[in-house]
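J.: quick check, what structure comes out for this input:
(2 chains)
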Amino acid sequence: MRAGARRDVLVGLALLALAGTSFALGGLALGRWAVPVALAIAVAKASLIAVFFLRLPRRRASIRLAGTIALLLVGLLVGFAAADRITRDPPPRFFSPAMSSAGAVD
Amino acid sequence: MTERRAPAGPGEVAADAAELGVWLLVVSEVLLFAGLAALYVTTRLAEPEAFTAGIAHMNGPLGALNTALLLTSSVVVALATTALEADRRRVASGLVLLTLALGATFLAVKVIEYRGHLAEGLGPTLTAGGARAAGLPRAAALFVSLYWLTTALHGLHVLAGLAALAWAALRLRRPGPGAGVLPLVAVYWHFVDVVWIFVWPAFYLGGPR
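T.: Numbering: from 1, shown residues only, chains lettered A, B, ... in the order given. As a prediction, this is how the structure comes out:
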């Protein structure tokens, strides 16, 4: 197998292994660590695709800039939206706690 | 003394412009999904139990299958691009067709999933009362609506990607420089895969099994 194809296959196997890990961990009671762990694995998979398949580090500066700005804007939008919720006291809910729970009266 | 680079020919300029154009398209689509991500994060922070209950109603095995299909399709289209760089057009063409098959299978699995959700009464217009009737917390209606919106939007992007892949496959079969569209289509396809990489844990993982 040629070197380029071998690299692609190895990255693919790593991606599938990470996905399998994510699926296995998703069934465990990780509590407050469930979301950070899932997010970390997703970021690892996306990074592999960005580096080896999209070849972002080797692209022209204009394309790397476009990619960086996209990431920045995603981070800002999601980060500030989350911070808005987290920093309110008490945090607002769409439904009152009595209405949210499964045993609530209609 | 600095070397002066020869000015780019019209073909090179056109290729660079096309490449930048595809990346700008991808950036704009990333921003679209970023809005949905922000909506997801704020809603989940407000109603965490409802989201956990909603995730428990998702079809975990089908979600995992779809993830494997899309990841594999990303590998296959990367192999196609590598084959094209080695001037192996027939190999590249075959791999693009395989990518098409994997992507089409992803959509077929999604349709099966959607039919299952509709049979359970968890459709895109689910109300709070409807969520209660389905045995979920009222606030799970938010999760269900977000699920339909996000995955349907992603599905439309997969469909567009399949059309682009079919076009690339046709160009590969003809002699000439038209095969240069494959790396551009591959960029879009990898973006579709990266979006699903984040959609999958958001809507399928972390709930009780």
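J.: longest helix of the chain?
T.: Let's take chain A. Assignment by DSSP state H gives helix A:61-86 as the longest helix of chain A.
J.: oops, I was thinking of chain B
T.: Under DSSP H, chain B gives helix B:10-46 as its longest helix.
J.: can you name every helix or strand that it contacts?
T.: helix A:61-86, helix B:140-173, helix B:181-204 (3 or more Cβ pairs under 8 Å, 6 or more residues apart in numbering or on different chains; DSSP states H and E). To be clear about C-beta, it is placed using only N, CA and C from the backbone, and glycine gets the same treatment.
J.: list the buried residues in the second one.
T.: When you say that, I think you mean helix B:140-173. B:140-148, B:150-151, B:153-155, B:157-158, B:161-162, B:164-165, B:168-169, B:171-172 (16 or more other Cβ atoms under 10 Å in any protein chain shown).
J.: with stretch A:73-93 instead?
T.: Those would be A:74, A:77-78, A:81-82, A:85, A:93, for stretch A:73-93 by 16+ other Cβ under 10 Å.
J.: which among those residues are in contact with chain B?
T.: A:74, A:77-78, A:81-82, A:85, A:93 (Cβ under 8 Å from any Cβ of the partner chain).
J.: tilt between the longest helix of chain B and helix A:61-86?
T.: Orientation check (axes from the mean of the first three to the mean of the last three Cα atoms, to 10 degrees): helix B:10-46 against helix A:61-86 gives 10 degrees.
J.: avg pLDDT for helix B:10-46?
T.: Averaging pLDDT along helix B:10-46 yields 90.
J.: mind giving me the packing neighbours of the next helix or strand after it?
T.: Remark: after helix B:10-46, the chain's next helix or strand is helix B:48-56, criterion DSSP states H and E. Secondary-structure packing of helix B:48-56 (3+ Cβ pairs under 8 Å, 6+ apart): helix B:140-173.
J.: which of the buried residues of helix B:140-173 come close to chain A?
T.: Answer for those near chain A (Cβ under 8 Å from any Cβ): B:Leu142.
J.: name the helices or strands packed onto the lowest-mean-pLDDT helix or strand in chain B?
T.: Lowest mean confidence among the helices and strands of chain B (mean pLDDT, DSSP states H and E): helix B:128-133, at a mean of 84. With contacts taken as 3+ Cβ pairs under 8 Å, 6+ apart, helix B:128-133 sits against helix B:140-173.
J.: sorry, back to before: the least confident helix or strand of chain B: which residues count as buried?
T.: B:128, B:130-132.
J.: a markdown table for those residues, including distance to B:Leu45?
T.: Converted to a markdown table, the buried residues of helix B:128-133 look like this (distance: Cβ to Cβ, whole Å):
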| residue | distance to B:Leu45 |
| --- | --- |
| B:Ala128 | 18 |
| B:Gly130 | 23 |
| B:Ala131 | 19 |
| B:Arg132 | 22 |
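J.: what is the nearest of those residues to chain A?
T.: Chain A lies nearest to B:Arg132 out of those, by Cβ to the nearest Cβ, at 6.1 Å.
J.: so that closest one is in contact with B:Arg138, correct?
T.: Yes. Assessed by Cβ atoms under 8 Å, B:Arg132 is found in contact with B:Arg138 at 5.5 Å.
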